[in-house]
Structures are given as structure tokens and as C-alpha cells.
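Chemist: Prediction below, plus the sequence it came from.
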Amino acid sequence: MKKLFVLLLVTGLFFLYTCEKDKEEAPRLNHAETLYGGCNNGFEKTTSLDGENDTVILSIANDTLNIHVGVNYICCATFEGKSEYEGDTLLITVSDVCTEDDICYCHCMCYYTFDFRYTGLETGDYPCKIQLWDAMEKKFIVLFAGTITIQSL
């Protein structure tokens, strides 16, 4: 009976070890900084035309991934950019932080830019979602949802 118990214990520990080994975390990008541009820099008259698209542009230079997010939005809004992980997905949120108590908006459209920079690049696929919190409409707008693929550097 003791031999059977020891055999089951050793077998269970082996499976526990191999399962834990398979659950290694996928590599993550290290958020280095967020640079605010366009209309984020005071009332820099970077107006946009109605109907112009929001943009997401990915580029790699000097071992740094730059995710450029451009948003057409009402002038004088105040934004906050946030980068975090939800599970294995990189979640980038650009939020209009005006509240109903604030008087934030002007009567024009502006182009706001955000450059999210990441270091620690490793070859692989990185699930990513980029969204805008629209405080006026009180809803999230998905600007990008997909996978960023980093090939050998």
C-alpha cells in the first residue's frame, strides 16, 4: 500500500511540474514612456477635417517599438494614456478625462497624438487592443484589435 501511495505521489508531482512548466508566461513588452503630441500640447492649432480617420501606426527603431495613436476629437479635451496588460493582451487606453462638472471643450476638431514606446522586444506575437474612452458618448471605441508580430531583430 505504501509503494502505491509513493508511486501516485511521485506521478502527481511529475504531472504538476510539467503542467506548471507549460504555463510559462508569454513575453511582455516593457512600457518605457508615452509622449503626448498634437493638440495635447496646449492649444497647438492642429485642427483636423471632419471625416478624417483615427490612426494607429506601428514602427520599430533602435530596439524600441513605437505605437503611434492619432485621434480626431473635439478641441480642448484633456487626455490620459494608459498601458497595461489584461491577461496576455496589451491594452492601451486613451481616455478623455473631462467630467460633466468640467468645462473642457471648444468648438472645433483637433488631432491628438500619443506615442507609446516599448522596450525589451522579443520575437513573437503580442495580442493588443487599443481603445479610446469617449467621455462625451460615455463609451469605448476600439481603434485596433489584433496581434503585433515582432520578427527577429
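Modeler: That came in fine, so what should we check first? None of these values were measured; they are calculated from a predicted model. Residues are numbered from 1 along each chain as shown.

Chemist: what's the closest non-adjacent residue to the residue nearest the centre of the chain?
Modeler: In the chain, the residue lying closest to the centroid (C-alpha atoms, centre = their mean) is Ile92, at 2.3 Å. Residue nearest to Ile92 in three dimensions, not counting chain neighbours: Ile130, with 4.5 Å by C-beta to C-beta, 6 or more residues apart in numbering. Bear in mind the C-beta positions are built from the backbone N, C-alpha and C, glycine included.

Chemist: can you check Asp96 too?
Modeler: Ala135 (3.9 Å).

Chemist: gap between that neighbour and Val94?
Modeler: To Val94, Ala135 is 11 Å away according to C-beta to C-beta, to the nearest Å.

Chemist: Have a look at those two and say which one is more surrounded.
Modeler: Val94 (26 against 21; other C-beta atoms under 10 Å).

Chemist: surely that one meets Asp134?
Modeler: No: when contacts are counted by C-beta atoms under 8 Å, Val94 is not listed as touching Asp134 (9.8 Å).

Chemist: Next up, the contacts around Asn40.
Modeler: When contacts are counted by C-beta atoms under 8 Å, 6 or more residues apart in numbering, Asn40 touches Phe79, Tyr112, Thr113, Phe114.

Chemist: Among these, which ones are in strands?
Modeler: Phe79, Tyr112, Thr113, Phe114 (DSSP state E).

Chemist: what comes up buried for stretch 57-75?
Modeler: For stretch 57-75, burial by neighbour count (16 or more other C-beta atoms under 10 Å) applies to Leu65, Asn66, Ile67, His68, Val69, Gly70, Val71, Asn72, Tyr73, Ile74, Cys75.

Chemist: just how off-centre is it within its chain?
Modeler: 11 Å (C-alpha atoms, centre = their mean, to the nearest Å).

Chemist: Now the terminal residues of that stretch, how far apart.
Modeler: This stretch, stretch 57-75, spans 22 Å end to end (C-alpha to C-alpha, to the nearest Å).

Chemist: So for it, mean pLDDT?
Modeler: Taken as a whole, stretch 57-75 has an average pLDDT of 95.

Chemist: now do stretch 145-153
Modeler: 88.

Chemist: Extract the CA atoms of that stretch and return them as CSV.
Modeler: Extracted C-alpha coordinates of stretch 145-153, given in CSV (Å, rounded to 0.1, in the frame of the first residue of the first chain):
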residue,chain,number,x,y,z
ALA,A,145,-7.6,44.8,-32.0
GLY,A,146,-5.3,42.2,-33.3
THR,A,147,-1.7,40.9,-32.9
ILE,A,148,1.6,42.7,-33.1
THR,A,149,4.2,40.4,-34.6
ILE,A,150,7.8,41.1,-33.7
GLN,A,151,10.2,39.2,-36.1
SER,A,152,13.9,38.6,-35.3
LEU,A,153,15.6,41.9,-34.6
